[in-house]
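[1] Please work out how this folds:
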Amino acid sequence: MVKTGLVRFEILMDAGDGAQKAGDILIKALARDGKYVFSEPIIPSEISPPRRTKFSMSGVIIRVADFDITSIGNDSDVILASHEILLSRRLEDNEYHVPAKVLLDMSDQEKNPETYAAAIKEAQDKGLEVFPFHIDQETKDLMGGIKREAGRGTGNNMYYLGILTYIFNVELDIVLSVIQKTFIKLSEDRLAQNLTIFNNGYRLAKTHFNFTAEVNSNAKEGKDKILIDGNSAMALGVIDAGFKFFAGYPITPASSIMHLLAKYMPHFGGRIHQAEDEIAAIGAAIGGYYGGIPSLTCTSGPGLSLKQEFIGLALATETPLVLIDVQRGGPATGLPTRTEQSDLLACLFGTHGDSVRIILSVTDITDCFYAPHVARYITEKLRVPVVILSDGFESNSLSVIPKLISKPMKSVDDISDDILARFQIKRLTHEIEMVNENQSIPGEEGKLRRLVGLVTNKEGLISTSAPTQKRAHRIRNQKLHDIQASIIAPDIFGAPEGDYLIVGWGTTRGAIEEAVTKLGEEGIHVSSLSLRTIYPLPLSLKAIFSRFKKVVTVEIAFGDKLKPSPITMLLRNETLMDIEAIISEPTGRPVTPNEVKSKIKGLQS
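    Below you'll find the predicted structure:
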């Protein structure tokens, strides 16, 4: 057995065969066993893609460590593939160590000898070790019975779960307990069949594979830990922040926020509205806040485009609005199940006219929980739209983190200073001027408030005069200046001055900081800065940047020499400094620490 502090492996199966279910069971078991884990699901873009094609690849990448990890890392050490086509497809991504170990199910070899031989040769030519295995006939018969009875699934996922449980020396009793809890609704016979398949996989690994690995269980020490993904943390944060109304429309990868809110929000006095479309959803959220109820909406990709006109209406009418945007690959339908950071400029400038809004980003799962608190505070204080930017990687990735501390808000004044400081903001202490001095809600006696998208004066009456329009623009932008003046200097990871400063936002933070740490161990001293409040940007940025010889950016959005990436463009505009994007490629995959390290070393040479 090899003792290791870090390992990464993945399960690849056809969509619908339960790879992610097996992965979830293993992740939960690893976490209960005291390991630090970080996972990323692999989800096909198509619904029910044809089996045994590259488009059907589904699965999960799991990183396990004996120390806290904040990214999915670089490359996999073990790849388990249910057939040769998925293996060949995954090799295209070049996310493997040499020599990684490939466990290849040979069940389909008899009908596809040539493609199996080609895939095995391809893996071996790339320096990987291939370990073919065959599922025994008893197990195949059990799997066939399950498929006939259930009409779907094969049971292979439980077999693979048994193999990986043995290889990574996961406590067997813990895995069995998680399996029983996961399949609590199955009949005793069906559960017994699945457990037999699992045990058969475990037995095969014990007799067939001559390698195992074990990660120390250091997460058992210290503070209480939980296993949670970004969307779940965001939904719980929405409830903790005191929102009482959510209106949304299902869209990948944001949908699970609404699913969890539908399950729990009513128990906290809240209501969920699944609207007929994205436009109706944001309209309902604005209507909720107009009625005095803390409200929000959530979307992704094309839904953001559809909501733009209503974002402008919320600003013009000074109605609070919080919008969560879980970014995915675009434009149009794009890559619904892949990650990207290309919505920043759309969130800032997607609405016609001079449209002010505040943009927050989440850099880790804990941020997901507290971002709704900050968004509610800002939108109710300033009465401007606030957008929370997450992404497909953060939304679905599971990680072991310190237990989240509930800090419920009945009113925005209840927000704690440490939550504001987490997003680099100080409490607003002065009175905020409004375009419409009457900010009443329906039903307040003697305070009839007119709500229109047209320009109004301070009494709320429509006015087309030049001074009225000028005043409205000035006041709306002063709100932006007010929040900008309250932004404190962001923390720097590493030395406060030096040769290189890497600037990122959102979920690139984990990979950037891991790269900075590794570079430091190699004697290359680099610092980094991750923005949680993206717009407006801190006034202190130019002073911070001037302490470094070169400032570079990392972002999962397109940029080149003629067209800077979105964050690079904003930073150049704000500081008038020469800032270069070293990573600006929207590949659908998260940034890796090795990519960042390689780019920095390239700058040195």
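[2] Tell me the buried residues in stretch 291-298?
    Residues of stretch 291-298 classed as buried: P294, S295, L296, T297, C298 (neighbour count, 16 or more other CB atoms under 10 Å). In short, each C-beta sits where N, CA and C put it, glycine included.
[3] typo on my end, it should be stretch 246-256
    F246, A247, G248, Y249, I251, T252, P253, A254, S255, S256.
[4] Give me the subset of those lying in helices.
    S255, S256 (DSSP state H).
[5] Make JSON lines from the buried residues of stretch 246-256 and add pLDDT and distance to I512 to it.
    Shown next, in JSON lines, are these (pLDDT from 0 to 100; distance: CB to CB, whole Å):
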{"residue": "F246", "pLDDT": "98", "distance to I512": "32"}
{"residue": "A247", "pLDDT": "98", "distance to I512": "35"}
{"residue": "G248", "pLDDT": "97", "distance to I512": "31"}
{"residue": "Y249", "pLDDT": "97", "distance to I512": "33"}
{"residue": "I251", "pLDDT": "96", "distance to I512": "28"}
{"residue": "T252", "pLDDT": "94", "distance to I512": "26"}
{"residue": "P253", "pLDDT": "96", "distance to I512": "22"}
{"residue": "A254", "pLDDT": "97", "distance to I512": "25"}
{"residue": "S255", "pLDDT": "97", "distance to I512": "29"}
{"residue": "S256", "pLDDT": "97", "distance to I512": "26"}
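[6] closest to D418 among the buried residues of stretch 246-256?
    Nearest to D418 among the buried residues of stretch 246-256 is F246, at 25.7 Å by CB to CB.
[7] thinking the closest one is in contact with L261, fair?
    Yes: applying CB atoms under 8 Å, one finds F246 in contact with L261, separated by 5.1 Å.
[8] which neighbours do those two share?
    Counting by CB atoms under 8 Å, 6 or more residues apart in numbering, the residues touching both F246 and L261 are V238, G270, I272.
[9] So which of the residues you listed wins on neighbours?
    With neighbours taken as other CB atoms under 10 Å, the top of the shared contacts of F246 and L261 is V238, carrying 32 neighbours.
[10] In which helix or strand does that residue reside?
    Using DSSP states H and E, V238 maps to helix 230-240.
[11] Show me what the helix or strand where A346 lies packs onto, helices and strands only.
    Per DSSP H and E, A346 falls inside helix 344-349. Helix 344-349 is packed against helix 302-317, strand 358-361, strand 385-391, helix 566-575, with contacts defined by 3 or more CB pairs under 8 Å, 6 or more residues apart in numbering; DSSP states H and E.
[12] re the thing from before, which one among the shared contacts of F246 and L261 gets closest to S71?
    Nearest member of these to S71, counting by CB to CB, is V238, at 25.2 Å.
[13] Just the buried residues of stretch 199-206, please?
    N199, N200, G201, Y202, L204, A205.
[14] got the shared contacts of F246 and L261 as a markdown table, with distance to E122 and pLDDT columns?
    Below are the shared contacts of F246 and L261 laid out as a markdown table (distance: CB to CB, whole Å; pLDDT from 0 to 100):
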| residue | distance to E122 | pLDDT |
| --- | --- | --- |
| V238 | 46 | 98 |
| G270 | 52 | 98 |
| I272 | 48 | 97 |
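[15] would you turn the buried residues of stretch 199-206 into JSON lines with secondary structure, pLDDT and distance to P442?
    Formatted as JSON lines, the buried residues of stretch 199-206 follow (DSSP: H, G, I helix; E, B strand; the rest coil; pLDDT from 0 to 100; distance: CB to CB, whole Å):
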{"residue": "N199", "secondary structure": "helix", "pLDDT": "96", "distance to P442": "63"}
{"residue": "N200", "secondary structure": "helix", "pLDDT": "97", "distance to P442": "65"}
{"residue": "G201", "secondary structure": "helix", "pLDDT": "97", "distance to P442": "62"}
{"residue": "Y202", "secondary structure": "helix", "pLDDT": "97", "distance to P442": "63"}
{"residue": "L204", "secondary structure": "helix", "pLDDT": "97", "distance to P442": "67"}
{"residue": "A205", "secondary structure": "helix", "pLDDT": "97", "distance to P442": "65"}
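[16] All set now, cheers.
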